[in-house]
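Engineer: Sequence unavailable; structure follows:
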Ligand SMILES: C[S@@+](CC[C@H](N)C(=O)[O-])C[C@H]1O[C@@H](n2cnc3c(N)ncnc32)[C@H](O)[C@@H]1O
């Protein structure tokens with residue numbers, strides 16, 4: 001599916017892969033918390049995996065990770081990194097979350113990191129994730145909620161998007177995100193936001 005945002009991600013993939021992690025300590029904490037939920041027999045999906053660093057880092061702790069991204073350039077870089085590091089239990093695929101077809105109740109963990117605010121149809125995607133998870137399965141998300149302190153962003157976002165400087169970005173609050181998850185019957189199991197201007201990290205559980 002080629003749309004404006006796909007073109008944006010295709011264009012910046014190489015630059016994105018070269019950027020240092022903005023907050024290494026927060027990233028490490030999120031990896032650690034996620035890992036506490038992992039077991040060696042688990043089947044994991046990551047959507048919007050970007051250049052694959054997180055999937056590659058988590059790979060030794062689970063059975064298999066299916067990591068998808070809408071951008072073929074992101075996936076090419078991810079595949080190159082996995083090969084260089086001899087990681088064989090991550091399958092990278094160029095695919096939008098909308099096109100993904102997975103049977104209901106088959107996944108143990110779904111990761112959606114820095115992606116929910118970039119989707120036109122966040123609610124639909126959350127419901128889809130809920131359906132794909134086994135009872136007791138978890139959905140790990142990290143999301144910029146610009147509605148809490150950057151409401152004005154709503155006004156400039158369409159301009160940035162028009163000039164190809166930005167992808168689609170949706171503005172909502174942490175409370176609204178929590179409601180989207182609980183309305184889909186998820187229970188919030190863990191929540192952490194380093195500060196109000198940072199992404200909120202949530203582990204949501206499908207009741208067992
Ligand atoms: C901000 S990056 C985050 C990448 C990675 N998860 C991380 O935390 O660094 C968002 C990624 O989502 C991908 N993406 C955007 N919309 C998507 C969709 N509908 N389905 C799958 N991937 C998508 C983009 O190509 C991009 O690689």
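Structural biologist: Structure received. Note that the structure is a prediction, hence the values are computed from the model and not measured.
Engineer: Relative to residue 5, how far out is residue 166?
Structural biologist: Using Cβ to Cβ, to the nearest Å, we find residue 166 at a distance of 9 Å from residue 5. (Glycine included, C-beta is placed from N, CA and C.)
Engineer: where do the helices sit along this protein?
Structural biologist: In the chain, the helices defined using DSSP state H lie at 4-18, 24-35, 53-58, 72-84, 122-132, 153-162, 174-183.
Engineer: if we compare those, which one ends up closest to the ligand?
Structural biologist: Nearest to the ligand among the helices of the chain is helix 4-18 (3.2 Å), distances taken as Cβ to the nearest ligand atom.
Engineer: Which residues of this protein lie near the ligand?
Structural biologist: Applying Cβ under 6 Å from any ligand atom, we find that the chain lies next to the ligand at 5, 9, 47-50, 68-71, 74, 96-98, 113-115, 118-119.
Engineer: ChimeraX command to pick out the buried ones of those?
Structural biologist: ChimeraX command restricting the residues of the chain next to the ligand to the buried ones, with burial defined by 16 or more other Cβ atoms under 10 Å:
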select :5,9,47,48,49,50,68,69,70,71,74,96,97,113,115,118,119
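Engineer: Mark which of the residues of the chain next to the ligand are part of strands, please.
Structural biologist: 47, 68, 69, 113 (DSSP state E).
Engineer: which stretches of the chain aren't confidently modelled?
Structural biologist: 1-4, 150-165 (pLDDT under 70).
Engineer: let's see it at 90
Structural biologist: Within the chain, the stretches with pLDDT under 90 are 1-8, 22, 146-170, 196-197.
Engineer: any idea which strand is longest in it?
Structural biologist: Counting residues, the longest strand in the chain under DSSP E turns out to be strand 133-143.
Engineer: Closest to the centroid, which residue in the protein?
Structural biologist: residue 112 (2.1 Å; Cα atoms, centre = their mean).
Engineer: Pick the most deeply packed of the helices of the chain.
Structural biologist: Among those, helix 53-58 has the highest mean neighbour count (mean count of other Cβ atoms under 10 Å), at a mean of 21.
Engineer: Which elements pack onto that helix?
Structural biologist: helix 24-35, strand 43-47, strand 64-69, helix 72-84, strand 90-94, strand 107-113 (3 or more Cβ pairs under 8 Å, 6 or more residues apart in numbering; DSSP states H and E).
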